[in-house]
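[1] Build me a structure from this.
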Amino acid sequence: MALLACLSSQAAFTQVETATRQLDMGLDISFISASGHPSWLEGSGGKLRFDEDTDGLKLSRGFIDYEALLTDSVMVHLVSELYHDDFGPTIDLTEAYLQWRPMTESANRYRLKVGAFYPRISLENVGPGWSSAYSINPSAINTWVGEELRSVGLEFSVSRRPQSLGGAHTFSLNTAVFVGNDPAGGLIAWKGWSIHDRQSRFNDEVPLPPIPRIQPGEWWDEQDPFITPLLEIDEEPGYYVNAEWRYGNKFLLRAMHYDNLADPQGAEDNQFAWWTYFDHVALQATLPGDIGLLAQWMDGFTAWGRFRNGVYSVDVTFESNYVLLTRAFERHRITARYDHFEMSEADRTPLDENSERGNAWTLSYQYTTSPRVSIAAEWMQIFTERPAWAYFDLEQRKTESQLQLSVRLRFGHSF
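    Residues are numbered from 1 along each chain as shown. Sure, this is the predicted structure:
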């Protein structure tokens, strides 16, 4: 069973190579039952996308994923997401880039991406439309990637499979220079970690939870606070470096350092630049019994505002990790995941406590009835201790839960 995310990516590209174009579309029709705090998407502080006022039967997600070979070595890739909410157009792009894979006689393999794309972080979101292959809602780490992290720039990759090691090992190095990601960090600092399947699109204005007006005149006076994730404020590019080692179909190890190099005092039209950096490690393996193991760990820092007495106005470190086990049985797949997440802060800004600690359990079942139709059932439970909830008359310690039953329609066409 080919479990490795990188192999999935290669298989997708091979499919495009055998055809000229590949079009994938998907719709998720879901019944959702949620309990907990009101959702952060409703202007409150809850961890889930839905709450007791917004759950029920709904079209929870739609996507279009299009790839086309422009030449033998140049491909265009466009991905759009469909949501019926108030934070952007009904349908808008999440990724749009050109990819060049030159043919070379060298043992090295090269790839160049130019455009807007996700950094190479997620082991879960390897399907068309950046969909998770294992659950409806990805881990806290990859939820945040979908919320705030998009690279608008250039990524260069080189990989090599040394024949001296038998040809089973592949080593890769990716590095990128990007712009348009200065607000990244604001959402996780003021909202905290979440778990859901909503990806921010290019023109979304993603809501923030209520923020105390601790410095009138410098905040969102008379406005509902929001973040526009894809925005360049300080005109300085960021970067990331990612290294990978893959051993056949059995093992993958990935490590990344990411730094948007934003100016924490930068601001434009009520949008702030956040200096955000993190280290990330990911592991994927096939265990005995054909059980797939995925694990990711992220540790980072984000800051905004003036630098005084050794700290910024908002000065937050964050960490999250998860372990996922999955097993496929013909048309069935069962997945279990445990998430841990926490945040701590060094600043002493009044009425702006951003620390939190929590964990989450996710159990997911998928049954593929045909290539175009599958059924998924997923249960999540999230426990969080977040002192800032007291500012808004919410319990500081809360267990939130969600049951989601989905009919997932997928349409793919090569031409």
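
[2] Centroid-wise, who is the farthest residue in this structure?
    Distance from the centre of the chain peaks at Ser164, with 36.5 Å (Cα atoms, centre = their mean).

[3] Let's verify it: helix, strand, or coil?
    Counting by DSSP: H, G, I helix; E, B strand; the rest coil, the backbone at Ser164 sits in helix.

[4] Quickly find the element holding Asn142.
    Assessed by DSSP states H and E, Asn142 sits inside helix 140-148.

[5] Direction included, what does whatever helix or strand comes next after that helix pair against?
    Using DSSP H and E, the helix or strand that follows helix 140-148 in sequence is strand 151-160. Next to strand 151-160 in the sheet, as set by DSSP bridges, lie strand 108-117 (antiparallel), strand 169-179 (antiparallel).

[6] So which of the ones you listed is nearest Val241?
    Of all those, it is strand 169-179 that lies closest to Val241, at 4.9 Å by Cβ to Cβ. Bear in mind the C-beta positions are built from the backbone N, C-alpha and C, glycine included.

[7] just how off-centre is that closest one within its chain?
    Counting by Cα atoms, centre = their mean, to the nearest Å, strand 169-179 is centred 18 Å from the centre of its parent chain.

[8] how about the CA coordinates for that strand, as PDB?
    Provided in PDB are the C-alpha atoms of strand 169-179 (Å, rounded to 0.1, in the frame of the first residue of the first chain):
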ATOM      1  CA  HIS A 169      16.700   6.000  -1.000                       C
ATOM      2  CA  THR A 170      15.700   9.400  -2.300                       C
ATOM      3  CA  PHE A 171      17.100  12.700  -0.900                       C
ATOM      4  CA  SER A 172      15.400  16.000  -1.700                       C
ATOM      5  CA  LEU A 173      16.000  19.700  -0.800                       C
ATOM      6  CA  ASN A 174      13.400  22.400  -1.300                       C
ATOM      7  CA  THR A 175      13.900  26.100  -0.800                       C
ATOM      8  CA  ALA A 176      11.500  29.000  -1.400                       C
ATOM      9  CA  VAL A 177      11.500  32.800  -1.400                       C
ATOM     10  CA  PHE A 178       8.000  34.200  -1.000                       C
ATOM     11  CA  VAL A 179       6.000  37.400  -0.400                       C
END
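
[9] ok, and for that strand, which residues are buried?
    By 16 or more other Cβ atoms under 10 Å, the buried positions in strand 169-179 come out as 169-170, 172, 174, 176, 178-179.

[10] How about stretch 196-210?
    196-202, 204-209.

[11] Kindly report the same for stretch 286-294.
    In terms of neighbour count (16+ other Cβ under 10 Å), stretch 286-294 has its buried residues at 286, 292-294.

[12] How about stretch 408-415?
    The neighbour-count check on stretch 408-415 (16+ other Cβ under 10 Å) flags 408, 410 as buried.

[13] likewise stretch 37-52?
    Buried residues in stretch 37-52, counted by 16+ other Cβ under 10 Å: 37-42, 44-51.

[14] re the thing from before, give the rounded mean pLDDT of the helix holding Asn142.
    Here helix 140-148 scores 97 as its mean pLDDT.

[15] Tabulate the CA atom coordinates of stretch 82-100 in PDB.
    Extracted C-alpha coordinates of stretch 82-100, given in PDB (Å, rounded to 0.1, in the frame of the first residue of the first chain):
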ATOM      1  CA  LEU A  82     -16.300  26.700  -2.800                       C
ATOM      2  CA  TYR A  83     -17.900  27.900   0.500                       C
ATOM      3  CA  HIS A  84     -21.200  29.500   1.200                       C
ATOM      4  CA  ASP A  85     -20.100  31.900   4.000                       C
ATOM      5  CA  ASP A  86     -19.500  35.700   4.500                       C
ATOM      6  CA  PHE A  87     -15.700  35.800   4.300                       C
ATOM      7  CA  GLY A  88     -15.100  36.000   0.600                       C
ATOM      8  CA  PRO A  89     -16.500  35.200  -2.800                       C
ATOM      9  CA  THR A  90     -18.500  31.900  -3.100                       C
ATOM     10  CA  ILE A  91     -15.600  30.400  -5.100                       C
ATOM     11  CA  ASP A  92     -12.000  31.600  -5.200                       C
ATOM     12  CA  LEU A  93      -8.500  30.200  -5.800                       C
ATOM     13  CA  THR A  94      -6.400  28.600  -3.100                       C
ATOM     14  CA  GLU A  95      -3.400  27.800  -5.300                       C
ATOM     15  CA  ALA A  96      -2.200  28.900  -8.700                       C
ATOM     16  CA  TYR A  97       1.300  28.200 -10.000                       C
ATOM     17  CA  LEU A  98       3.400  27.100 -12.900                       C
ATOM     18  CA  GLN A  99       5.800  24.100 -12.400                       C
ATOM     19  CA  TRP A 100       8.800  23.300 -14.500                       C
END
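
[16] Name the residues that touch it?
    Residues outside stretch 82-100 that contact it (Cβ atoms under 8 Å, 6 or more residues apart in numbering) are 41, 58-59, 61-64, 70, 73-81, 111-118, 130, 150, 198-207, 226.

[17] filter these to the buried ones?
    Buried members of these, counted by 16+ other Cβ under 10 Å: 41, 61-64, 75, 77-81, 111-113, 115-118, 130, 150, 198-202, 204-207, 226.

[18] Strands - which of those land there?
    Per DSSP state E, strands hold the following members of the buried ones among the contacts of stretch 82-100: 61-64, 75, 77-81, 111-113, 115-117, 206-207, 226.

[19] where are the low-confidence patches of this structure?
    For the chain, applying pLDDT under 70 flags the ranges 1-19, 211-224.

[20] Which parts of the protein are helices?
    In the chain, the segments counted as helices under DSSP state H are 5-18, 140-148, 186-191.

[21] burial of the closest residue to Tyr134 other than its chain neighbours, as a residue count?
    The spatially closest residue to Tyr134, leaving aside those adjacent along the chain, is Thr335, at 4.5 Å (Cβ to Cβ, 6 or more residues apart in numbering). Per other Cβ atoms under 10 Å, the neighbour tally for Thr335 reads 24.

[22] likewise Phe307?
    By other Cβ under 10 Å, neighbour count at Phe307 equals 12.

[23] can I assume it is in contact with Trp275?
    No. The criterion here is Cβ atoms under 8 Å, and Phe307 misses it with Trp275 at 10.1 Å.

[24] Mind listing the shared neighbours of these two?
    Shared contacts of Phe307 and Trp275 (Cβ under 8 Å, 6+ apart): Pro264.

[25] What's the separation between Asp263 and Ala336?
    42 Å (Cβ to Cβ, to the nearest Å).

[26] can you check Ser414 too?
    34 Å.

[27] What of Thr369?
    Separation of Thr369 from Ala336 (Cβ to Cβ): 23 Å.
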